[in-house]
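Novice: I would like the atomic coordinates for the input below:
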Amino acid sequence: MSAAARRVLAALYAVTVTETPYGGQARTYELLGQIWLNPGKVGGRRRSGPDGQQRIETWRVTTGLDPRLNAGRVLEFEGVRWRILAVATGPAETDLELERLA
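Specialist: The predicted structure is shown next:
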């Protein structure tokens, strides 16, 4: 079975970032529900960081229309968390660009 033919059930989370009393950040993940994804093309890009250049894994997926899908939210499937970078809504489906969280 090809990757394009299979469907994956993913959990959708809203992420809230709050500052701790010591100047750090705490992230809270609120479960919003589950959605079915049709995985597509896996890719990658390079990002500059404090440790130099690093490769960031990206993935394009397709799903049905869902108003809960917004950039910045997190999807978790197959044991990995992915941040939604971009949302493109068409007449019958939504294309998402995801970035793997470390």
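Novice: quick check: next helix or strand after the one helix or strand in the chain whose mean pLDDT sits lowest?
Specialist: Across the helices and strands of the chain, the lowest-confidence element by mean pLDDT, DSSP states H and E is strand 52-63, at a mean of 81. Once the chain leaves strand 52-63, the next helix or strand it forms, by DSSP states H and E, is strand 74-77.
Novice: just checking: what are the partner strands of that next one?
Specialist: strand 8-19 (antiparallel), strand 80-89 (antiparallel) (DSSP bridges).
Novice: name the residues that touch it?
Specialist: Here strand 74-77 makes contact (C-beta atoms under 8 Å, 6 or more residues apart in numbering) with 8-15, 29, 35, 37, 81-84, 96, 98, 101. Any C-beta I mention is one placed from the backbone N, CA and C, and that applies to glycine too.
Novice: buried members of these into ChimeraX, please.
Specialist: With 16 or more other C-beta atoms under 10 Å as the criterion, this ChimeraX line picks the buried residues out of the contacts of strand 74-77:
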select :10,12,13,35,37,81,82,84,96,98
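Novice: ok, now how distant is the nearest residue to D66 once chain neighbours are set aside from V8?
Specialist: Nearest non-adjacent residue to D66, counting by C-beta to C-beta, 6 or more residues apart in numbering: I35, 5.8 Å away. Note on I35: its distance to V8, by C-beta to C-beta, to the nearest Å, is 10 Å.
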